[in-house]
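**Q** Need coordinates for the following:
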Amino acid sequence: MPVTAIRSGTDRITVYVANPTHRVALMIHLNVIRARWEKRVLPTFYEDNYFSLLPGERRTVSIEFTQSSFAGEPLALTVGGWNLVPQKILIGDARR
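**A** Next comes the predicted model:
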C-alpha cells in the first residue's frame, strides 16, 4: 500500500494513503513514532485513524502533536491494518 508522510511544520504531518489493490484494505491505523527508539509520540491527534479504503481509493490524513513530544528526534510513521503487511516509513520534511 503506497503511503507518503510529509512533515509540514514542527507539529504537523500530512499522510497520503492509497489502496491500489483489488481488495478492501481494512482497519488501516497510523502511529507516529520516534524513529530511533520506536516509541510513540504522545500526545498525538489524528484527523482520522482506523479507517478502510476501497480498491483504488485514496485518503489524506493530518496528524498533529507538540514539538516537545519528540525532542527533535527523527520521526517515522507505522502503518498497519487487518489485512495489510505492516510498514514503517521515515517522515520527510517538506521544508527541505
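
**Q** Count residues in the vicinity of Gly81, would you?
**A** Per other Cβ atoms under 10 Å, the neighbour tally for Gly81 reads 22. From N, CA and C alone the C-beta is placed, and that goes for glycine too.

**Q** if I look at it, how far off is Glu38?
**A** Gly81 sits at a distance of 19 Å from Glu38 (criterion: Cβ to Cβ, to the nearest Å).

**Q** cool, and Asn49?
**A** The gap separating Asn49 from Glu38 is 18 Å, by Cβ to Cβ.

**Q** more crowded one of those two?
**A** Neighbours per residue (other Cβ under 10 Å) separate Asn49 from Glu38, with Asn49 holding more: 14 against 11.

**Q** check contacts around that one.
**A** By Cβ atoms under 8 Å, 6 or more residues apart in numbering, the contact set of Asn49 is 29-30, 61.

**Q** give me the number of residues near Glu57?
**A** Glu57 has 14 neighbouring residues, counting by other Cβ under 10 Å.

**Q** His22 in helix, strand or coil?
**A** coil (DSSP: H, G, I helix; E, B strand; the rest coil).

**Q** What does it show for phi and psi?
**A** In terms of degrees, to the nearest 10, the main-chain angles of His22 are phi -100, psi 10.

**Q** what's the closest non-adjacent residue to it?
**A** Spatial nearest neighbour of His22, excluding adjacent residues (Cβ to Cβ, 6 or more residues apart in numbering): Pro55 at 5.1 Å.
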